[in-house]
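Engineer: next comes the sequence, and after it the predicted model I'd like to discuss.
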Amino acid sequence: MNAGKCFEEFKRGEKWISRPRRVTQRQIDAFARISKDRNPIHLDPVFARTTLFKRTIAHGLLGLSIASGMLDELGILRRTILAFVGLNWQFLAPIFPGDRIRLEIRVLRKRKSHKKDRGIVALRARLFNQEGCPVQAGDWTLLVHRKGRPSGRKISEG
């Protein structure tokens with residue numbers, strides 16, 4: 001499997017778009033079991049009809065988790081990311097079961113770290129539903145390997 005981009009290879013304004021992914025009620029149920037967030041707005045269609053959204057919605061953090069996975073699927077940070085170090089995130093609209101969401105990523109800025117083997121890359125991430133409506137958005141700060149400067153730690157292929 002090819003490695004992703006090193007710090008030096010990121011260019012301000014560079015952009016990627018993920019493939020769409022369908023969010024299912026089954027995934028929402030599984031996330032509720034894992035997180036122990038069993039709010040009925042996510043799980044109970046009868047209760048959800050009494051709410052603002054009139055039907056069940058995905059957990060906001062499920063959307064964020066899926067977005068993180070979509071970033072990994074793009075492969076741009078495969079074997080080069082060291083850590084996800086910061087996040088400023090907004091939940092703009094609900095994600096409903098059956099929605100097909102996609103991620104758009106754009107490089108905002110980057111800066112060298114005080115350690116010569118890594119740099120910081122800031123990305124603007126936006127999650128859209130099938131209608132092109134933004135449902136979540138924010139900035140992600142990542143610690144990324146620099147070219148030719150191994151950190152001394154092996155990066156797993158996971």
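Structural biologist: All right, it came through fine.
Engineer: quick one: mean pLDDT for the longest helix seen in the chain?
Structural biologist: Counting by DSSP state H, the longest helix found in the chain is helix 60-74. In this model, helix 60-74 carries a mean pLDDT of 97.
Engineer: any idea how far residue 54 is from residue 120?
Structural biologist: 42 Å (C-beta to C-beta, to the nearest Å). (Each C-beta comes from the backbone N, C-alpha and C, glycine too.)
Engineer: what comes up buried for the helix or strand containing residue 109?
Structural biologist: In this structure, residue 109 sits in strand 100-112 according to DSSP states H and E. Buried residues in strand 100-112, counted by 16 or more other C-beta atoms under 10 Å: 101, 102, 103, 104, 105, 107, 110.
Engineer: identify, from the residues you listed, the entry nearest to residue 17.
Structural biologist: Set against residue 17, the nearest of these by C-beta to C-beta is residue 104 (5.2 Å).
Engineer: could you find the closest non-adjacent residue to that closest one?
Structural biologist: Ranked by C-beta to C-beta, 6 or more residues apart in numbering and with sequence neighbours excluded, the top spatial neighbour of residue 104 is residue 126, at 4.8 Å.
Engineer: send the alpha carbons of the helix or strand hosting that neighbour over as CSV?
Structural biologist: Applying DSSP H and E as the criterion places residue 126 in strand 118-128. The C-alpha trace of strand 118-128 is given here as CSV (Å, rounded to 0.1, in the frame of the first residue of the first chain):
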residue,chain,number,x,y,z
ARG,A,118,7.3,16.4,11.7
GLY,A,119,5.0,19.3,10.8
ILE,A,120,1.5,20.5,11.5
VAL,A,121,-1.1,20.5,8.8
ALA,A,122,-4.5,22.3,9.3
LEU,A,123,-7.4,21.0,7.1
ARG,A,124,-10.9,22.4,6.6
ALA,A,125,-13.3,19.4,6.6
ARG,A,126,-16.9,19.6,5.5
LEU,A,127,-19.4,16.8,5.5
PHE,A,128,-22.3,17.1,3.0
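Engineer: buried ones in it?
Structural biologist: Residues 118, 119, 120, 121, 122, 123, 124, 125, 126, 127, 128 are the ones in strand 118-128 that count as buried (16+ other C-beta under 10 Å).
Engineer: dump the residue contacts of the third one.
Structural biologist: For residue 120, the contact set (C-beta atoms under 8 Å, 6 or more residues apart in numbering) comprises 85, 110, 111, 112, 113, 141, 142, 143, 144.
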